[in-house]
Every structure is written in C-alpha cells, then in structure tokens.
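Peer 1: Sharing a model that was predicted from the sequence below.
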Amino acid sequence: MGEFWNSLTQGQGTVISGFLTLLAAITGVLIGSWLFGSRVKDLKSAVDASDQLLRKHGSEVDATLAAIRDKISEMQKSFATTSEQLNDLRGSVADLEAASSPETVTEPVQAGTEEQPSPREQIRQGWLTVRDALEHIAARPQIDGRTRARYARIDRRRYPQLVEALAADGLLAANADAFWEASALWQAYRGGRSEPTAREITRMSELAAIAAATAARTD
C-alpha cells in the first residue's frame, strides 16, 4: 500500500485528493440532511404556526379596540344629549325665576288664544328655538370634553355669555350676530314688563330659523 502511494505522481495525487475532498463533501451533506432535515421542517412549521397565532391575536386586538372606540363614541353622544337636556332645564328654570322675580313690574299684556298665542309667548317660542340651538351646539360630542364642561358651567341666566363663548370658538359660523340679537330681544321681554311689537315677533321668528339652521349644520 505504501509502494502505491509512493509511486503516484504529483498530478495523480492532486486528482485523488480532489476526488476524496468531493466525496467527503457529498457525504457530509447527506449526513447533515439525514440528521437535521426533520428538525428544519419542524422549525419552519413552528415559525408558521407562531405567525398564524400572531395574526389571529392582532385581528382580535383590532376588533377589541374598534369595539372600545364605538363604546366611547356612544358614551360621548349619551353624555352630550344628557348635558343638552340638563342645560335646557337650567335655562327654563332661569326664565321662570326672571318671570316671577319681585323686581319685575308687569304691565297689562294682551291675552293670547290657542290659535294665536300672545305676543310675548310668540317671542318666547322663538327664543326657545334659539336656546335649543345654542345648547345643541354647545353639547356636540365632537367638542373636547373640557370645552363642553366650560360651556356647561356658564350661568343659563346669562345666555349672552354662552353666545360669546361659542362665537369665540368659531362654533356659530357667520351667524353669531343673529344669536346676539335673539338673546338681546329675549332679554328685553323675558320679564313681561312690556309687549313686543309685531315687527319684533317677526324678527324673532327669522332669528329662530337662522339658529336652527346653524345647529343643523354642526351635526
């Protein structure tokens, strides 16, 4: 055997060495495939399963967050509605206090009928439309909670202050003057000290229509 290796030329040795190296490489690949092939497949399966679990969990989290956002939106709308109703009530109480104030000196007023309310009642009905529009705008769910709370703290015996706050925040669009005028007109007759004229009654109806349209555009 030693004579065989000794008799090999340099070229023959190089060929045999290359062949043995190639054979060793092939053998190594075969052995590695046999030893680790199943493990590689198991690892890939585990990665795929983990990816599916992560995707499923992500979908569940998205669905939960969407449900939470919907619930918060419903709560905001419910709070806004309650706040609007409460402020309407506060405004009505303020009007009753003004009408029954001992300082109010009433004059004889023209009585109304079921078909034709008295002049003051017509002014009051127009003002109620304006007031409801103000409360609706001030209680919009889209408004920041702290801002809504600031509006709610305004004394409803002083509606001009609410008009001022809403106008300053740009919530009355280009119709702030109409709300100012309606508020001033109501303040002049809320105590029943005098009778509004037919022209003033017509004007209040016009202002009420403007106020209602402004509130509707904010929805």
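Peer 2: Cool, got the structure.
Peer 1: which regions of this protein lie under the pLDDT threshold?
Peer 2: The model of the chain has pLDDT under 70 over residues 1-20, 22-26, 28-50, 53-54, 57, 61, 63-115.
Peer 1: Could you rerun that using 90?
Peer 2: Counting by pLDDT under 90, the chain contains low-confidence residues at 1-117, 141, 145, 157, 173, 190-194, 217-219.
Peer 1: where exactly do the helices run in it?
Peer 2: 2-7, 10-99, 119-138, 145-152, 159-168, 176-189, 198-217 (DSSP state H).
Peer 1: other SSEs contacting the fourth one?
Peer 2: So that's helix 145-152. Judged by 3 or more Cβ pairs under 8 Å, 6 or more residues apart in numbering; DSSP states H and E, helix 145-152 is in contact with helix 10-99, helix 119-138, helix 159-168. All C-beta spots, glycine's among them, are computed from the backbone N, C-alpha and C.
Peer 1: now it against helix 159-168, angle please.
Peer 2: 150 degrees (axes from the mean of the first three to the mean of the last three Cα atoms, to 10 degrees).
Peer 1: in helix 145-152, what counts as buried?
Peer 2: Neighbour counts using 16 or more other Cβ atoms under 10 Å place 148, 151, 152 of helix 145-152 among the buried residues.
Peer 1: and if you look at the third one?
Peer 2: Counting neighbours by 16+ other Cβ under 10 Å, one finds that the buried residues in helix 119-138 are 119-120, 122-124, 126-138.
Peer 1: and the nearest residue to residue 204 once chain neighbours are set aside, what is it in contact with?
Peer 2: Leaving aside its sequence neighbours, residue 204 sits nearest to residue 126 (Cβ to Cβ, 6 or more residues apart in numbering; 3.6 Å). Contacts here follow Cβ atoms under 8 Å, 6 or more residues apart in numbering; on that basis residue 126 touches 182, 201, 204, 205, 207, 208.
Peer 1: Of the residues you listed, just the buried ones, ChimeraX syntax please.
Peer 2: Those of the contacts of residue 126 that count as buried under 16+ other Cβ under 10 Å are selected in ChimeraX with:
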select :182,201,204,207,208
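Peer 1: what's the farthest-apart pair in the contacts of residue 126?
Peer 2: 182 and 201 (12.2 Å; Cβ to Cβ).
Peer 1: Relative to residue 52, how far out is residue 58?
Peer 2: Look at residue 58 and residue 52: by Cβ to Cβ, to the nearest Å, they are 11 Å apart.
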